[in-house]
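Colleague: Sequence and predicted model, in that order:
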Amino acid sequence: MLNRISLRQMEYFLAAAKYGSIAVASSQIHISAPSISAAIAHMETELGVQLFIRHPSKGMTLTPVGMQVMQECEQLLERASKLYDIASDSSEAMQGVLRVGCFQSLTPMIAPEVIFGFARAFKKIDLQLVEGDQRELIEKLRNGEIDVAITYDLELGDEVDFEVLSKLPPHVLVNELHPLAQQSAVTLGELAPLPMVMLDLPMSRDYFLSLFARANVEPQIAARSRSEDVVRSLVSSGIGYALFNVRPKSNQALDGKRFTRLRLAGEHRPMLLGLATYMPAKRSRLAQVFMQRCRSYISDQYIPGMSAARYFDPHLIGTAAHSDAA
């Protein structure tokens, strides 16, 4: 169950239980009320039980099973915190430099909570964030320029160890007024004749083009950009559709215009998001503790800053050859 309910969701649940109100919990722990509500709803769905009784205008109280869940969550979080206590006892492990690489399209969502949240927990750490595309990150791992990378599983090479944390299936972005915007799903055959905006990062283009190749259709590329924000802005302005794997919670581009996400129908290999390390290099205790934080905060059910991938079919994993990520 720990793979399906994150420690952060447990923390939000416990805050709501403590204060008897989502609004009060939000003000006390400085997390938005919708995020707390979503965490509680996710836990209730996963566990198949009602955790709270909602009282109109009078807050909320735990159900009997909610009380039991609260006690278990408290124990689980206490055990998880011991990881940091153990590490803190080692001055060698919890001070010094930690160089973390992150695939650039993931960084806006993952860096604040996962990466810099770790630095806030341990004040003696000199945490250095290195952003890049897949090719850059793997080269920096091999050259000893970073200790660990949060990235995808593709074209890693024999000397790079990769631990899967989550699966990111491809989906489609269209302008909210696009002719396909009212559909819940769209096929590559429907998309192929229409103008496409390509996220033109090294290897990323190969991954997206491979999806079309497997469907025996060819996309009509109207525009390209290495920037995810530029691609989203072009989509929201009606230049064309785009394919992505990351799922930011916002459905607005930087210019304020809106886009819509559609499920990509059919069988498509998801990107595997995880931790990459260079096997010949010994992992420091600092890197090991950071990797444990990543395991606690990133899963199929929860990735900081991302909406859930509601349409992922687990059996699709591995149905296509490796290419690269978006």
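Modeller: Structure's in. What do you need? Numbers count the residues shown, from 1 in each chain.

Colleague: In terms of secondary structure, what does the lowest-mean-pLDDT helix or strand in the chain contact?
Modeller: When the helices and strands of the chain are scored by mean pLDDT, DSSP states H and E, helix 64-88 comes last with a mean of 80. On a contact count with 3 or more CB pairs under 8 Å, 6 or more residues apart in numbering; DSSP states H and E, helix 64-88 meets helix 7-19, helix 285-297. Every C-beta, even on glycine, is put in place using the N, C-alpha and C of the backbone.

Colleague: What lies in contact with the helix or strand following that helix?
Modeller: Downstream of helix 64-88, the first helix or strand assigned by DSSP states H and E is strand 96-103. With contact meaning CB atoms under 8 Å, 6 or more residues apart in numbering, strand 96-103 is reached by 110-111, 115, 118, 124-134, 137, 140-141, 145-152, 276, 284, 286-287, 290, 325.

Colleague: Would you mind checking the residues you listed for buried ones?
Modeller: Burial by neighbour count, 16 or more other CB atoms under 10 Å: within the contacts of strand 96-103 this picks out 110-111, 115, 118, 125, 127, 130-134, 137, 140-141, 146-152, 276, 284, 286-287, 290, 325.

Colleague: Please narrow those to those residing in strands.
Modeller: Ile125, Leu127, Val130, Glu131, Gly132, Val148, Ala149, Ile150, Thr151, Tyr152, Ala276 (DSSP state E).

Colleague: before we move on, back to that, pipe the helices and strands packed on helix 64-88 into CSV and attach mean pLDDT per row.
Modeller: Below are those laid out as CSV (pLDDT from 0 to 100):
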stretch, mean pLDDT
helix 7-19, 91
helix 285-297, 90
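
Colleague: Mind checking those helices for the one nearest to Leu272?
Modeller: Minimum separation from Leu272 across the helices and strands packed on helix 64-88 (CB to CB) falls at helix 285-297, 13.9 Å.

Colleague: Go through stretch 233-253 and flag the buried ones.
Modeller: 233-236, 239-248, 253.

Colleague: and what of stretch 55-67?
Modeller: Result for stretch 55-67 [16+ other CB under 10 Å]: buried residues Gly59, Met60, Leu62, Gly66.

Colleague: Also stretch 33-45?
Modeller: Neighbour counts over stretch 33-45 (16+ other CB under 10 Å) mark Ser35, Ile36, Ala38, Ala39, Ile40, His42, Met43, Glu44 as buried.

Colleague: Then stretch 213-227?
Modeller: Arg214, Ala215, Pro219, Ala223, Ser225.

Colleague: circling back to that earlier point, nearest to Gly157 among the buried residues of stretch 233-253?
Modeller: Asn245 (21.2 Å).

Colleague: My read is that that closest one contacts Pro270, right?
Modeller: Yes: if you go by CB atoms under 8 Å, Asn245 and Pro270 touch, sitting 7.3 Å apart.

Colleague: got the phi/psi numbers for Ala242?
Modeller: phi -140, psi 160 (degrees, to the nearest 10).

Colleague: Please apply the same query to Asp153.
Modeller: phi -100, psi 10.

Colleague: now it: how far from Pro112?
Modeller: Distance, Asp153 to Pro112, using CB to CB, to the nearest Å: 24 Å.

Colleague: Tell me where the model's unsure across the stretch 151-300 of the chain.
Modeller: Residues of the stretch 151-300 of the chain meeting the criterion pLDDT under 70: none.

Colleague: so where do the helices sit in it?
Modeller: 188-191, 204-214, 228-236, 285-297 (DSSP state H, counting those that start in this stretch).

Colleague: Please write out the alpha-carbon positions of stretch 59-67 in PDB.
Modeller: C-alpha atoms of stretch 59-67 as PDB (Å, rounded to 0.1, in the frame of the first residue of the first chain):
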ATOM      1  CA  GLY A  59     -15.600  20.800  10.400                       C
ATOM      2  CA  MET A  60     -14.900  17.100  10.200                       C
ATOM      3  CA  THR A  61     -14.300  14.200  12.600                       C
ATOM      4  CA  LEU A  62     -12.600  10.900  12.000                       C
ATOM      5  CA  THR A  63     -14.700   7.700  11.600                       C
ATOM      6  CA  PRO A  64     -13.800   4.700  13.700                       C
ATOM      7  CA  VAL A  65     -11.800   3.200  10.800                       C
ATOM      8  CA  GLY A  66     -10.300   6.700  10.200                       C
ATOM      9  CA  MET A  67      -9.000   6.600  13.800                       C
END
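
Colleague: How about the residue nearest to the spatial centre of the chain, nearest residue that isn't a chain neighbour?
Modeller: The residue lying closest to the centre of the chain (CA atoms, centre = their mean) is Ile303, at 3.5 Å. Once flanking residues are discounted, Ile303 sits nearest to Ser166: 5.9 Å by CB to CB, 6 or more residues apart in numbering.
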